[in-house]
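Visitor: Need coordinates for the below:
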Amino acid sequence: MTEIIIVDNEAKAGEIYARCVADLIARKPDAVLGLATGSSPLTAYKALAATVKAEHIDVSHVRGFALDEYAGLDPAHPESYRSTITRTVVEPLGLTPELVHVPNGNLDTIMDAGCEYDAAIEAAGGVDVQILGIGTDGHIGFNEPGSSLASGTRIKTLTQQTREDNARFFDGDISQVPTHCITQGIGTIMKARHLILLAFGENKAEAIAQTVEGGISALWPASALQLHPHATVIVDDAAASRLRDADYYRWAYDNKPSWQGI
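Guide: Residues are numbered from 1 along each chain as shown. Modelled structure (predicted):
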């Protein structure tokens with residue numbers, strides 16, 4: 001069963017993620033991190049950066065693979081996911097830029113980019129910890145509702161809702177938001193050894209309820225996490241507000257052996 005951790009605020013969620021990843025890097029200096037963009041992971045990245053600095057953790061050999069990238073957007077564009085990952089992860093943590101990879105959204109080569117990206121992840125030994133956000137419709141990465149639960153990295157057409165949601169990053173101009181992306185598929189994501197999904201706010205409550213307690217369905221792509229052997233969902237009270245068994249999840253976490261980690 002997916003582990004559900006209900007926290008008071010985003011800062012606490014960030015601390016839990018940071019402790020998990022810092023301990024991983026201490027054990028495995030060349031750990032492979034799965035990286036996501038969006039607002040949900042930001043507090044986690046800040047907490048990890050603070051932990052790395054406070055504990056003098058060497059991250060020079062840590063490797064990273066981003067979840068997705070816009071198709072046809074110049075990697076130098078400030079809202080490309082290459083730029084975003086550099087700004088929010090690589091620079092604050094002090095990672096080696098050459099060891100952090102983002103899917104290739106170049107339209108001239110995108111037909112082969114998905115298979116090449118999955119091969120690169122496999123060659124690196126697979127992702128150790130994959131951080132995830134979730135859309136209000138249950139999408140993870142850019143795997144919109146209806147995506148195959150066995151899919152590999154591939155090009156996808158963005159829904160109008162996703163483009164509207166992301167227009168805020170493009171000065172509110174939806175015409176500037178690309179219509180396509182290249183994204184790790186759900187099958188690719190599920191190969192990571194540990195998945196950590198973060199969600200905050202009441203607008204994520206239905207998606208979290210469907211992900212954790214609903215049926216497994218392509219209509220709620222994140223519901224595939226129910227099949228993963230090591231998945232952790234960290235949510236605040238608002239995002240947990242529609243969970244039927246919220247009281248049990250709180251009890252289970254409060255009484256979890258300290259040595260067990262997440």
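Visitor: contacts, neighbours, all on C-alpha from now
Guide: Noted.
Visitor: What would stretch 198-208 look like as CSV? C-alpha coordinates only.
Guide: Presented in CSV, the C-alpha positions along stretch 198-208 are these (Å, rounded to 0.1, in the frame of the first residue of the first chain):
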residue,chain,number,x,y,z
LEU,A,198,3.8,16.0,-2.9
ALA,A,199,0.4,17.8,-3.0
PHE,A,200,-0.9,20.8,-1.2
GLY,A,201,-4.2,22.7,-1.2
GLU,A,202,-7.8,21.8,-1.4
ASN,A,203,-7.7,22.0,-5.2
LYS,A,204,-5.6,18.8,-5.1
ALA,A,205,-8.0,16.9,-2.7
GLU,A,206,-10.0,15.1,-5.4
ALA,A,207,-6.9,14.0,-7.3
ILE,A,208,-5.3,12.7,-4.1
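Visitor: Quick one: residues in contact with it.
Guide: Residues from elsewhere that reach stretch 198-208, judged by CA atoms under 8 Å, 6 or more residues apart in numbering: 10, 13, 40-41, 131-138, 220, 233-243.
Visitor: try 6 Å this time
Guide: Contact with stretch 198-208 is made by 133, 136, 138, 234-236, 238-240, 242, as judged by CA atoms under 6 Å, 6 or more residues apart in numbering.
Visitor: and if you look at stretch 52-69?
Guide: The contact list for stretch 52-69 (CA under 6 Å, 6+ apart) reads 30-36, 81, 95-96, 99-103, 141, 181-184.
Visitor: List the buried residues in it.
Guide: Using 16 or more other CA atoms under 10 Å as the test for burial, stretch 52-69 gives 52, 57-59, 62-69.
Visitor: Could you list which of the contacts of stretch 198-208 belong to strands?
Guide: Counted as lying in strands by DSSP state E, out of the contacts of stretch 198-208, are 234-236.
Visitor: Redo those residues as JSON lines? Include neighbour count and pLDDT.
Guide: Formatted as JSON lines, these follow (neighbours: other CA atoms under 10 Å; pLDDT from 0 to 100):
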{"residue": "I234", "neighbour count": "24", "pLDDT": "98"}
{"residue": "V235", "neighbour count": "26", "pLDDT": "98"}
{"residue": "D236", "neighbour count": "22", "pLDDT": "98"}
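Visitor: Turn these into a markdown table, including distance to H77.
Guide: A markdown table is the format used below for the ones in strands among the contacts of stretch 198-208 (distance: CA to CA, whole Å):
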| residue | distance to H77 |
| --- | --- |
| I234 | 31 |
| V235 | 31 |
| D236 | 33 |
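Visitor: Can you list phi and psi of A31 for me?
Guide: Main-chain dihedrals, A31, degrees, to the nearest 10: phi -50, psi 150.
Visitor: To clarify, my last question referred to E144.
Guide: phi -70, psi 160.
Visitor: Also V129?
Guide: According to degrees, to the nearest 10, V129 has phi -130, psi 120.
Visitor: measure A26 to G14 for me?
Guide: Using CA to CA, to the nearest Å, A26 is found at 18 Å from G14.
Visitor: Looking at the two, which one has more neighbours?
Guide: G14 (22 against 13; other CA atoms under 10 Å).
Visitor: Can you point out the helix or strand that includes the more buried one?
Guide: In this assignment (DSSP states H and E), G14 forms part of helix 10-27.
Visitor: Give me the buried positions along that helix.
Guide: Across helix 10-27, burial judged by 16+ other CA under 10 Å covers 10, 12-22, 24-25.
Visitor: for stretch 199-218, same thing?
Guide: Buried residues in stretch 199-218, counted by 16+ other CA under 10 Å: 199-202, 204-213, 216-218.
Visitor: which residues in this protein form strands?
Guide: 3-7, 32-35, 63-66, 68-70, 100-101, 129-132, 154-157, 180-183, 194-199, 231-236.
Visitor: from the middle of its chain, how far away would the helix holding G14 be?
Guide: Averaging C-alpha positions (CA atoms, centre = their mean, to the nearest Å) puts helix 10-27 14 Å from its chain's average.
Visitor: Can you tell me what sits against that helix?
Guide: Applying CA under 6 Å, 6+ apart, the external contacts of helix 10-27 come out as 31, 43-44, 47-48.
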